[in-house]
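> With the sequence up front, the predicted model follows.
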Amino acid sequence: MSLRAELARLGIRLVFKSRDEGPPDIDKMRRKIDRLSRWIINPPRTTKTAHFSAGSVSAVRVTTPQSRSDHHVLYVHGGGYNYGTPALYRDLTWRIADVARTTVTLPVYRLAPEHPFPAALDDVVTSYLFLLSEDIDPRRLALIGDSAGGGLVFATLLRLRDAGKPLPAATVAISPWVDLSLQSESSISFGRTDPMLSLTEARHLAANYLGSAAPNHPYASPIFGDVSGVPPSLIQVGDDEMLRDDAVIMAQRLRAAGCEVELELWPRMPHVWHTLARLVPEGHRAIERIGAFLHKTWAQAGM
């Protein structure tokens, strides 16, 4: 682990880790994230960012000079299902577009508690089907999501498969939250030591999103679903973050179902460290791994 990454862990704890063990103030957290997003350095000037409507869902499309118009990524941002915006990811998504030579689309999905399950899932599915309606070949399409977005990515795959819709060629999940029951060993043992996440806050966020749904509903917690037929997946997670076991158990379920999966445990990396690629070398290397995985998967599909 680099010194920069160690310092980043300390900084993240100061910004995100609340000493208050009560219910999180969603409005306050959203304002904090909005202020934080203003400090994120903009992508290079050669990056193009366009706002458009993906059916009924607002979306953002990111391209760089390296992007191919016939290869696409649908990127689903995280934020505990309760907050988060594409703007917070503008220093990450252009890097993915560049290294994978692809066009990246980010849906602005509805957030809990105002819009509980399955609103966010509905919006991601709508965005995916919109891309298909643009005559995008699913064999040249990948789904990527981080944290809650990682859970939404796998839930989207299950719902698309169940509906008989074409699936994308590949999936990448970064520190995915795929178990809203929060019963895993790492959720409990790392709930206090994780520099960003806490078990108490996560339980409140999960309750906000679930509403009246059960935490083991496969479209809310895909770790409890039948994952057969899921396309090749790359899962990356820090080895001591709270959601480590979500990633590990999800990879085990995929392998047991006969799916191709690569699981990477990164020593002492904080939650979704990819967003720190400008500062932390491990973030840059993890994004390069995503690019290599997508290139390999598309090449194997003859794309």
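Perfect, thanks for sending it.
> Which stretches in the chain count as strands?
Using DSSP state E, the strands of the chain run over 48-54, 57-63, 72-76, 103-107, 141-146, 170-174, 233-238, 261-266.
> For the last one, give the mean pLDDT please.
If you average the pLDDT over strand 261-266, you get 98.
> Convert that strand to PDB, retaining C-alpha atoms only.
Taking Å, rounded to 0.1, in the frame of the first residue of the first chain, the C-alpha atoms of strand 261-266 are listed here in PDB:
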ATOM      1  CA  VAL A 261     -15.700 -14.100 -12.500                       C
ATOM      2  CA  GLU A 262     -12.500 -12.400 -11.500                       C
ATOM      3  CA  LEU A 263     -12.300 -11.300  -7.800                       C
ATOM      4  CA  GLU A 264      -9.600  -8.800  -6.800                       C
ATOM      5  CA  LEU A 265      -8.900  -8.000  -3.100                       C
ATOM      6  CA  TRP A 266      -6.800  -4.900  -2.900                       C
END
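> neighbouring strands for it, and are they parallel or not?
Strand pairing for strand 261-266, using DSSP bridges, gives strand 233-238 (parallel).
> Any chance you could list what contacts the partner strand?
Strand 233-238 is contacted by residues 150, 170-176, 243-244, 246-248, 250-251, 254, 259-271, 273-274, 286, 289-290, 293 when judged by Cβ atoms under 8 Å, 6 or more residues apart in numbering. For the C-beta atoms, the positions are set from N, CA and C on the backbone; glycine is no exception.
> Endpoints of stretch 54-72, how far apart?
14 Å (Cα to Cα, to the nearest Å).
> who's in contact with residue 41?
Residue 41 makes contact with 91, 278, according to Cβ under 8 Å, 6+ apart.
> how does it look with 10 Å?
Taking Cβ atoms under 10 Å, 6 or more residues apart in numbering, we find residue 41 in contact with 90-91, 278.
> low-scoring stretches of this structure, by residue?
17-22, 303 (pLDDT under 70).
> ok, 80 please
1, 5-6, 8, 15-22, 191-192, 301-303 (pLDDT under 80).
> biggest helix in it by residues?
helix 281-300 (DSSP state H).
> Show the buried residues in the contacts of strand 233-238.
For these, a burial check counting by 16 or more other Cβ atoms under 10 Å picks out 150, 170-176, 243-244, 246-248, 250-251, 254, 259, 261, 263-266, 268-271, 273-274, 286, 289-290, 293.
> wait, what's in contact with residue 295?
Contacts of residue 295 by Cβ under 10 Å, 6+ apart are 71, 99-102, 170, 303.
> Now list the buried members of those.
71, 99-102, 170.
> Nearest to residue 136 among those?
Within those, the smallest distance to residue 136 is 8.9 Å, found for residue 71 (Cβ to Cβ).
> who's in contact with residue 259?
171, 227-233, 251, 253.
> show me what contacts residue 282?
Residue 282 neighbours (Cβ under 10 Å, 6+ apart): 1-2, 4-5, 8, 238, 266-270, 273-274, 276.
> Over to residue 160?
124-125, 128-129, 132, 138, 143, 166-168, 229.
> can you check residue 104 too?
Contact partners of residue 104, counting by Cβ under 10 Å, 6+ apart, are 49, 60-64, 67, 72-75, 86, 89, 92-98, 142, 144.
> try 8 Å this time
So residue 104 contacts 61-63, 67, 72-73, 75, 93-94, 96-97 (Cβ under 8 Å, 6+ apart).
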